[in-house]
Structures are given as C-alpha cells and as structure tokens.
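Asker: Sequence unavailable; structure follows:
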C-alpha cells in the first residue's frame, strides 16, 4: 500500500499541517518505507506460533511474569457533593462546562 503525494497533502490538510513541498516528499518516503516494513512483517509465516502476553514468555530460562496488581476496590467513598462544591456550575450531579465545539 503505497501513498501518493496527494494522499500526503490530504492527510496534512486533515491534521491541519502546512507542509512545504520538500517536507511532503520526505514524509511520503518515510511513510511508504514504514508500509514496506509492515508488508515484510505480514509475510512471515506464523502458523503454530502461540501468542505471548509478554515478550519474556518466549525465554525458557525465565520464570513466567506475574503482574502485581491490587484488587479493584474503591478506596474512597463517593462524596460527589463535596467534590462539586467548588465547581462553578453543577446540574443533577454533573459538571456544566461551556460549549467549545460548534
């Protein structure tokens, strides 16, 4: 999947970027080089390869990785009224903010 200079111009326009012609040409080369690498990687035969949760899972000499996560428990009470006391505008438990997108 190779991009064209028109694709780069459209992407720059959508991203609100103003690219000079030489910058657009450089970006085109870099992005197409990235797509070439992705294409090469996608051609690798991965039949029979098990997915790994962590890259060190592939190391036979390493013990399995166990994540040390705490239990997902509420540590503080829900004190919405106290938290919203300093808000400039609240309605039915929600913060009211000015509209920023028209």
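Answerer: Yep, it's here. Computed from a predicted model, the values in this text were never measured in an experiment. Residues are numbered from 1 along each chain as shown.

Asker: so what's the residue nearest in space to the middle of the chain scoring on pLDDT?
Answerer: With distances taken as C-alpha atoms, centre = their mean, residue 15 lies nearest the centre of the chain, 16.1 Å away. On the pLDDT scale, residue 15 is placed at 94.

Asker: what do you get for residue 98?
Answerer: pLDDT, residue 98: 88.

Asker: packing partners for the longest helix seen in the chain?
Answerer: Ordering each helix of the chain by length in residues (DSSP state H) puts helix 21-42 first. If you count contacts as 3 or more C-beta pairs under 8 Å, 6 or more residues apart in numbering; DSSP states H and E, helix 21-42 packs onto helix 5-14. C-beta: built from backbone N, CA, C; applies to glycine.

Asker: got the angle for the helix it packs on vs helix 21-42?
Answerer: Angle of helix 5-14 versus helix 21-42, following axes from the mean of the first three to the mean of the last three C-alpha atoms, to 10 degrees, is 110 degrees.
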